[in-house]
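J.: please work out how this folds:
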Amino acid sequence: MKCPECGVNFTIPIVEPDKPQPVLVDSRYKEYLSYQPLLFRRAWATVLDYLLFYLMVTAYAAYFGRPVGWFTFYVHGIQHIIGILFIWFLYFPLFEGVAGYTLFKGLFDLRVQRDRKTDFPFFVSLKRHLADPIDFVFFGAVGIVVSSVRADHKRIGDLFARARVIHDG
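T.: Numbering: from 1, shown residues only. Okay, here's the model as predicted:
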């Protein structure tokens, strides 16, 4: 057909209700949609990793502390702060530095990739997790917003350590 006003040729597609119709999507939106499963996996892996860490700290407190209520234990002293930091150190920087992922990152087929191959994996992991208190302010909103807004999808800990979390499946 030809437009009577401007003379441009065009066709009108015939829509068949039983067939799925193609949708035109901006390429930037496609990139955003392709990242969403990674963001979802990464968020769940982080929540489950910290839940496991919480359970390990609770087990530590149950063993070394005294019960003060239902599933509540009391520990005090610098030795217990050091003990809890040791559990954190073993699970996050050490395990992730050696394996390239934590337990739940591995179950979600995620791993940490260094931007510079010359960096030692343990120190990259340590730097990533030293920034966790900043990333997890307001229940992780800071980390989610930063990784969603940036083109390379890095959170503050990833920027500090020069690393990224990738899907390895």
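J.: helix or strand for residue 129, which one?
T.: Residue 129 belongs to helix 121-130 when assigned by DSSP states H and E.
J.: likewise for residue 63?
T.: helix 27-64.
J.: what residues of that helix count as buried?
T.: For helix 27-64, a neighbour-count test (16 or more other C-beta atoms under 10 Å) marks 35, 38, 41-42, 45-46, 48-50, 53, 57, 60-61 as buried. The C-beta positions use only the backbone N, C-alpha and C, and glycine is treated the same way.
J.: likewise stretch 128-140?
T.: Buried-residue list, stretch 128-140, by 16+ other C-beta under 10 Å: 128, 129, 131, 132, 135, 136, 140.
J.: what are the contacting residues of that stretch?
T.: 43, 46, 88, 92-93, 96, 112, 142-143, 146, 155-158, 160-161, 163 (C-beta atoms under 8 Å, 6 or more residues apart in numbering).
J.: burial count for residue 88?
T.: 16 (other C-beta atoms under 10 Å).
J.: grab the nearest non-local neighbour of it.
T.: residue 53 (6.6 Å; C-beta to C-beta, 6 or more residues apart in numbering).
J.: ok so, going back, can you name the next helix or strand after the helix holding residue 129?
T.: helix 132-135.
J.: contacting residues for the spatially most central residue of the chain?
T.: Most central in the chain under C-alpha atoms, centre = their mean is residue 42, positioned 3.1 Å from the mean C-alpha point. Applying C-beta under 8 Å, 6+ apart, we find residue 42 in contact with 105, 108, 110, 147, 165.
J.: most widely separated two among those residues?
T.: 108 and 147 (15.3 Å; C-beta to C-beta).
J.: residue 118: which element?
T.: Counting by DSSP H and E, residue 118 is found in no helix or strand.
J.: quick check: phi and psi on it?
T.: Main-chain dihedrals, residue 118, degrees, to the nearest 10: phi -80, psi -20.
J.: what's the distance between it and residue 125?
T.: 15 Å (C-beta to C-beta, to the nearest Å).
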